[in-house]
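Asks: coordinates for the following, if possible.
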Amino acid sequence: MRAMVLREAGMPLALETRPTPEPGPGQVRLRVLACAVCRTDLHVVDGELPDQSYPRIPGHEVAGIVEAVGAGADAALLGHYVGAAWLARTCGHCEFCLAGQENLCEEALFNGYTRDGRFATHMLADADYLFALPRAGVATHVAPWLCAGLIGWRALRAAGNAHRVGIYGFGSAAQLVTQVCRRQQREVYAFTRPGDAPAQRHALALGADWAGDSGQAPPALLDGAIIFAPVGALVPRALQAVRRGGRVVCAGIHMSDIPAFPYRLLWGERAVSSVANLTREDGREFLGKAAAWDLRTDIRTYRLEDANRALDDLREGRIQATAVLVP
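Replies: Numbering: from 1, shown residues only. Predicted structure coming up:
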């Protein structure tokens, strides 16, 4: 197998040829058809997440084909079109797992972070943590559903029944959430980096009701806001933009420090919360809706060996589309 490997934090990924792995008990081996590139991959590559070890293969939103099964895995999975996401495995017996909150399991493993991921031609995955994908879904377009879509869906639910939804940071997750909001007859207010006119035009083209700079006030108070950008300074800005009783949801795994802000921004039963990872139930629920709604993602494909260019394009905001690696 070929893989793009992170040998040390902050270093470019290196193309390596490794033995194709054999699945262990309860595992399957996937032939990767497409792996979308996520901002979390940047946090991994830049060494911004705790408890990282090297070498590591990044990547965690993949569409692929099951081509081998290990002992105890269902042999009927062979040849199936499946997706694998950020959550690789949980303990199954802690208080969080037993309460349906496996996303908070302290022993969880994560693809592309604490377990090797999908910037590769092949990968191993626990069979119980795979998702069936619609046969009609083209792999390059479906792959972003496996993280951008899932986290976006969990964040939107955390925002409650907000009719006017503000979205800070208009990347892959925001693009999918905007389409979901339109399906649910919600209004979308998109906030981008100052002066990022292409992203604002893109948001409007996808159905946003308004788009502007993150420092601007929206034309109406928001019922809720979701922050996808890893910028802590956006939290008090979003609090200023939501009405009393509104909720601000921080949807990233990493964020710069939130600056001090006056209590009056929080007063009025406003709330700030976060979403962490995802559950398999999130995945099943969202993927069913995504297929029924025929959600679309603007993509730009890259060869596996061009993963560093894809990461740089994402980091520098050079593309409005979602970068997808095709091994």
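
Asks: hey, let's count contacts and neighbours off CA atoms from now on
Replies: Noted.

Asks: could I get the full set of strands for the stretch 201-327 of the chain?
Replies: Per DSSP state E, counting those that start in this stretch, the stretch 201-327 of the chain carries strands over the ranges 210-213, 222-227, 242-250, 271-274, 299-303, 322-326.

Asks: now those in a markdown table, with mean neighbour count?
Replies: Output for the strands of the stretch 201-327 of the chain, formatted as a markdown table (neighbours: other Cα atoms under 10 Å):
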| stretch | mean neighbour count |
| --- | --- |
| strand 210-213 | 20 |
| strand 222-227 | 27 |
| strand 242-250 | 23 |
| strand 271-274 | 16 |
| strand 299-303 | 17 |
| strand 322-326 | 25 |
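
Asks: out of the ones you listed, the one nearest Met1 is which?
Replies: The minimum distance between Met1 and the strands of the stretch 201-327 of the chain falls on strand 322-326, with 13.7 Å, by Cα to Cα.

Asks: and that closest one, how far out from the chain middle?
Replies: Remark: strand 322-326 is offset 13 Å from the chain centroid, using Cα atoms, centre = their mean, to the nearest Å.

Asks: what's it packed up against?
Replies: Where contact means 3 or more Cα pairs under 8 Å, 6 or more residues apart in numbering; DSSP states H and E, strand 322-326 is packed against strand 27-36, strand 299-303, helix 307-315.

Asks: what bits of this structure have low per-residue confidence?
Replies: Under the criterion pLDDT under 70, the flagged ranges of the chain are 136.

Asks: circling back: same list (the strands of the stretch 201-327 of the chain) but as a markdown table, adding distance to Phe96.
Replies: Putting these into a markdown table (distance: least, Cα to Cα, whole Å) gives the following:
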| stretch | distance to Phe96 |
| --- | --- |
| strand 210-213 | 38 |
| strand 222-227 | 24 |
| strand 242-250 | 21 |
| strand 271-274 | 16 |
| strand 299-303 | 36 |
| strand 322-326 | 33 |
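
Asks: so which of those strands comes closest to Ala120?
Replies: The closest of those to Ala120 is strand 322-326. By Cα to Cα, the value is 9.0 Å.

Asks: the stretch 1-150 of the chain: strands as residue ranges?
Replies: Using DSSP E, counting those that start in this stretch, the strands of the stretch 1-150 of the chain run over 2-5, 14-17, 27-36, 61-69, 81-84, 87-89, 109-110, 122-126, 130-132.

Asks: quick one: closest of those strands to Arg270.
Replies: Per Cα to Cα, nearest to Arg270 of the strands of the stretch 1-150 of the chain: strand 87-89, 30.3 Å.

Asks: if we can go back for a sec, for Leu314, find the nearest of the strands of the stretch 1-150 of the chain.
Replies: Per Cα to Cα, nearest to Leu314 of the strands of the stretch 1-150 of the chain: strand 27-36, 11.3 Å.

Asks: what lines up beside that closest one in the sheet?
Replies: Sheet pairing of strand 27-36 (DSSP bridges) gives strand 61-69 (antiparallel), strand 122-126 (antiparallel), strand 322-326 (antiparallel).

Asks: can you list the buried residues in the longest one?
Replies: Neighbour counts over strand 61-69 (16 or more other Cα atoms under 10 Å) mark Glu61, Val62, Ala63, Gly64, Ile65, Val66, Ala68, Val69 as buried.

Asks: which one of the strands of the stretch 201-327 of the chain lies closest to Asp51?
Replies: Judging the strands of the stretch 201-327 of the chain by Cα to Cα, what sits closest to Asp51 is strand 271-274, at 20.4 Å.

Asks: which strands border that closest one, and is each parallel or antiparallel?
Replies: Strand 271-274 is paired, per DSSP bridges, with strand 242-250 (parallel).

Asks: contacts for the strand it pairs with next, please.
Replies: 155, 158-160, 162, 221-228, 235, 238-239, 267-275 (Cα atoms under 8 Å, 6 or more residues apart in numbering).

Asks: how about Asp209: what's its closest non-neighbour residue?
Replies: Val188 (5.4 Å; Cα to Cα, 6 or more residues apart in numbering).

Asks: returning to that earlier point: could you dump the strands of the stretch 1-150 of the chain to TSV with distance to Glu102?
Replies: Putting the strands of the stretch 1-150 of the chain into TSV (distance: least, Cα to Cα, whole Å) gives the following:
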stretch	distance to Glu102
strand 2-5	28
strand 14-17	33
strand 27-36	19
strand 61-69	19
strand 81-84	16
strand 87-89	9
strand 109-110	11
strand 122-126	15
strand 130-132	15
